[in-house]
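> show me the folded form of this:
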Amino acid sequence: MVPALDEHNRAFWTGGRDGRLLITRCERCHLWVSPPAGDCPECGGRLRPQPVSGLGTVFTYTVNHQPFNPAVAVPYVIAIVELDEQPGLRIAANIVDCQPDSVHVGLPVAVRFERQDLDGEIAFAPVFAPR
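Numbers count the residues shown, from 1 in each chain. Modelled structure (predicted):
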């Protein structure tokens with residue numbers, strides 16, 4: 001599910017249109033920050049969306065058997081993916097293009113995007129698939 005888009009998260013949710021995963025990065029100390037925010041939590045510097053490689057590893061995950069969203073077939077996997085750019089830089093996303101029982105901690109993954117329509121605005125939700 002994609003939240004309402006705002007000045008802080010719009011680049012994250014729309015960067016997939018160009019095939020880019022955009023994560024905010026501090027202009028001063030260069031810390032990557034996710035989820036998107038207004039100011040750097042380390043130094044208070046300004047955050048700007050910057051492209052990342054879209055590569056990472058599964059840090060943890062859960063296999064869901066409850067149909068919370070009728071548009072998503074069960075079972076499905078939601079994972080916390082640690083991106084390669086920085087230790088501790090993690091985002092939550094679905095794992096796709098594999099059987100749920102093949103997902104494991106440490107699984108190398110790469111980003112893909114799923115288009116979603118939001119009240120007249122188009123978002124591109126990042127999902128990850130095994131590499």
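
> switch to C-alpha atoms for all contacts and neighbour counts from now on
OK.

> got the phi and psi for residue 100?
The phi and psi values for residue 100, taken as degrees, to the nearest 10, are phi -50, psi -40.

> also the one 3 residues further on?
Geometry field for residue 103 lists phi and psi as phi -80, psi 140, criterion degrees, to the nearest 10.

> and for residue 14?
When read as degrees, to the nearest 10, the backbone of residue 14 gives phi -110, psi -10.

> let me see the contact set for residue 35.
Neighbour list for residue 35: 9, 23, 91 [criterion: CA atoms under 8 Å, 6 or more residues apart in numbering].

> how about the first one, nearest residue that isn't a chain neighbour?
By the measure of CA to CA, 6 or more residues apart in numbering, the closest residue to residue 9 outside its immediate chain neighbours is residue 36, 5.5 Å from it.

> that neighbour: what secondary structure?
Here residue 36 is coil, with the state taken from DSSP: H, G, I helix; E, B strand; the rest coil.

> list the contacts of it.
Counting by CA under 8 Å, 6+ apart, residue 36 touches 8, 9, 12, 23, 24.

> can you redo those residues as JSON lines with neighbour count and pLDDT?
Listed next are the contacts of residue 36 as JSON lines, based on neighbours: other CA atoms under 10 Å; pLDDT from 0 to 100:
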{"residue": "8", "neighbour count": "16", "pLDDT": "92"}
{"residue": "9", "neighbour count": "20", "pLDDT": "94"}
{"residue": "12", "neighbour count": "24", "pLDDT": "96"}
{"residue": "23", "neighbour count": "24", "pLDDT": "98"}
{"residue": "24", "neighbour count": "27", "pLDDT": "97"}
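
> in helices, which of these fall?
residue 12 (DSSP state H).

> how far away is the residue nearest to residue 9 from residue 131?
In this view, residue 36 and residue 131 are 26 Å apart by CA to CA, to the nearest Å.

> kindly report the same for residue 20.
Using CA to CA, residue 20 is found at 17 Å from residue 131.

> how far away from the center of its chain is stretch 47-60?
Here stretch 47-60 shows a centroid-to-chain-centroid distance of 7 Å under the convention CA atoms, centre = their mean, to the nearest Å.
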